[in-house]
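**Student:** everything below, folded, please.
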Amino acid sequence: MSERPDITTTRPKNTGVRQVRPRTEGWQQQKDDTGRPLLQFASPKRGKPPVHLADLTPEERVAKVKELGLPGFRAKQLAKHYFTHHTSDPADMTDLPAESREELVAGMLPPLLTEVRRLQTDGGDTIKFLWRLHDGALVESVLMRYPGRITLCVSSQAGCGMNCPFCATGQAGLTRNMSAAEIVDQIVRANQVIASGELGGKKSDDHSAERVSNIVFMGMGEPLANYSRVMQAVRVMVDKKDGLGMSARGITVSTVGLVPAIRKLAAEEIPVTFALSLHAPDDELRDELIPVNSRWKVDEALDAARAYFDATGRRVSIEYALIRDMNDHPWRADLLADKLNARGRGWVHVNPIPLNPTPGSVWDASERSAQLEFVRRLNDAGIPTTIRDTRGKEIDGACGQLVATEDDEAEAAATS
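**Tutor:** Below you'll find the predicted structure:
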């Protein structure tokens, strides 16, 4: 790839466009001693969840089973029950010896997620789950049926440390990283719900499997800030012999732009779909909109995204929440197109997402005309662009809406 030319980020002068500045509403953004939004990369110290089969490699599972006094082949039987039959109930595992079954399951498949509540919308095709973890931390995941596929939006952290002012998840900061097994268990529990017929009606011409087929790491947390556990979870997801047997192409890992971790992901040789949550093509706005931009600027993030494509051959998704009079200006669409095209053609796809509307707020969806003009300019510049469908708005289950509220905490306490 030839060296890219410099692209100006200067806003056109005297255009008369209205520029709304980002700000928090209804909550106070945490700041550091210099007055900048506080970024939390390290997980606070809390009690670790119990070690689970999904936290371990196949070899480690065999060793753990042997520690419990049973032959190593039992590990494969447990994995089949958990990953294929979606069960952790000893009563379902009649191929295990009755006298040691309870102890083996307790040691290898300890309970990780307690369902506190579920909400449904979209005619039953979307379910939002509220889960309580072993230490009382709360996380959410969203299960969605589409024609030909079933997608689960998973959380990778309880809370988030990236402190983006428009995202509900980051308001309380980072509670802790989730374990690999806590991430995987969201999928297994969702598969249980699907198998029991609780996810709306399957259409007569839909021949897809009745299990989660697609994963998006777009729930609570910044996935690449919990890198090692997220990657262990991904390895379990794609393991066709001793895991969930999913396609890497159906797994989307999203980030706000942790550049060193993006480059590390490119070297994993697991061709997941990579999504960069950009939301602004200019550093002036993105510094306010995405605080991590103070560490790694727009061009650095886009260079890393292009390097991911070069390493994997997998087209990168650029996520862009369209916010009225804040980042939806035609000149920003042109600048985004220029920056993407400067890095070559055919390597990227843009997904504009109309922000979930909140009347009277600075955080409001772009006007329909502005959305169409933004998309038109990108498409005319040769950038494939598709406005993304958002699910779950009515149950606060759409992008940026996942957060554990005081009501959630009260309900979790009542059910514990």
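**Student:** can you pull out the helices in the stretch 101-250 of the chain?
**Tutor:** 180-195, 227-238 (DSSP state H, counting those that start in this stretch).
**Student:** next, count neighbours for residue 253.
**Tutor:** 25 (other Cβ atoms under 10 Å). For every residue, glycine as well, the C-beta is placed using N, CA and C.
**Student:** assumed it was part of a helix.
**Tutor:** No: counting by DSSP: H, G, I helix; E, B strand; the rest coil, residue 253 is not part of a helix but strand.
**Student:** residues in contact with it?
**Tutor:** 217, 223-224, 230, 234, 265, 272-275 (Cβ atoms under 8 Å, 6 or more residues apart in numbering).
**Student:** do you know how far it is from residue 233?
**Tutor:** As for residue 253, its distance to residue 233 is 10 Å (criterion: Cβ to Cβ, to the nearest Å).
**Student:** which strand or helix spans the residue lying farthest from the centre of the chain?
**Tutor:** Relative to the centre of the chain, the most outlying C-alpha is that of residue 99, 41.0 Å out, by Cα atoms, centre = their mean. Secondary structure from DSSP states H and E places residue 99 in helix 98-108.
**Student:** so which bits of that helix are buried?
**Tutor:** For helix 98-108, burial by neighbour count (16 or more other Cβ atoms under 10 Å) applies to 101, 104-105, 107-108.
**Student:** same for it, what does it pack against?
**Tutor:** helix 58-67, helix 74-79 (3 or more Cβ pairs under 8 Å, 6 or more residues apart in numbering; DSSP states H and E).
**Student:** now, of the helices of the stretch 101-250 of the chain, which is deepest in the fold?
**Tutor:** Neighbour counts (mean count of other Cβ atoms under 10 Å) averaged over each of these peak at helix 180-195, with a mean of 23.
**Student:** contacts for that one?
**Tutor:** Here helix 180-195 has contacts from 49, 51-55, 82-83, 86-88, 112-113, 115, 127, 129, 131, 133, 139, 141, 143, 150, 152, 154-156, 199, 210-212, 215, 229-230, 232-233, 236-237, 244, using Cβ under 8 Å, 6+ apart.
**Student:** from these, which would you call buried?
**Tutor:** 49, 52-55, 82-83, 86-88, 112-113, 127, 129, 131, 133, 139, 141, 143, 150, 152, 154-156, 199, 211-212, 215, 229-230, 232-233, 236-237, 244.
**Student:** if we can go back for a sec, quick check: angle from the helix holding residue 99 to helix 58-67?
**Tutor:** Put simply, helix 98-108 runs at 130 degrees to helix 58-67, going by axes from the mean of the first three to the mean of the last three Cα atoms, to 10 degrees.
**Student:** ok so, going back, a markdown table for the helices and strands packed on helix 98-108, including distance to residue 177, mean neighbour count and mean pLDDT?
**Tutor:** Output for those, formatted as a markdown table (distance: least, Cβ to Cβ, whole Å; neighbours: other Cβ atoms under 10 Å; pLDDT from 0 to 100):
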| stretch | distance to residue 177 | mean neighbour count | mean pLDDT |
| --- | --- | --- | --- |
| helix 58-67 | 19 | 16 | 97 |
| helix 74-79 | 24 | 20 | 97 |
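**Student:** want to throw those into CSV with distance to residue 378?
**Tutor:** Listed next are the helices and strands packed on helix 98-108 as CSV, based on distance: least, Cβ to Cβ, whole Å:
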stretch, distance to residue 378
helix 58-67, 44
helix 74-79, 45
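**Student:** how about low-confidence regions in the protein?
**Tutor:** Applying pLDDT under 70 to the chain flags the ranges 1-15, 203-204, 206-209, 390-416.
**Student:** residue ranges of the strands in it, please?
**Tutor:** Counting by DSSP state E, the segments of the chain that form strands are 114-121, 126-132, 138-146, 149-153, 157-159, 174-177, 214-217, 251-255, 273-277, 316-322, 348-354.
**Student:** want to try TSV for those strands, with distance to residue 371 as columns?
**Tutor:** Compiled in TSV, the strands of the chain are given as follows (distance: least, Cβ to Cβ, whole Å):
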stretch	distance to residue 371
strand 114-121	23
strand 126-132	22
strand 138-146	21
strand 149-153	22
strand 157-159	30
strand 174-177	32
strand 214-217	21
strand 251-255	21
strand 273-277	18
strand 316-322	6
strand 348-354	6
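**Student:** most tightly packed of these?
**Tutor:** Comparing those by mean count of other Cβ under 10 Å gives strand 157-159 as most buried, with a mean of 26.
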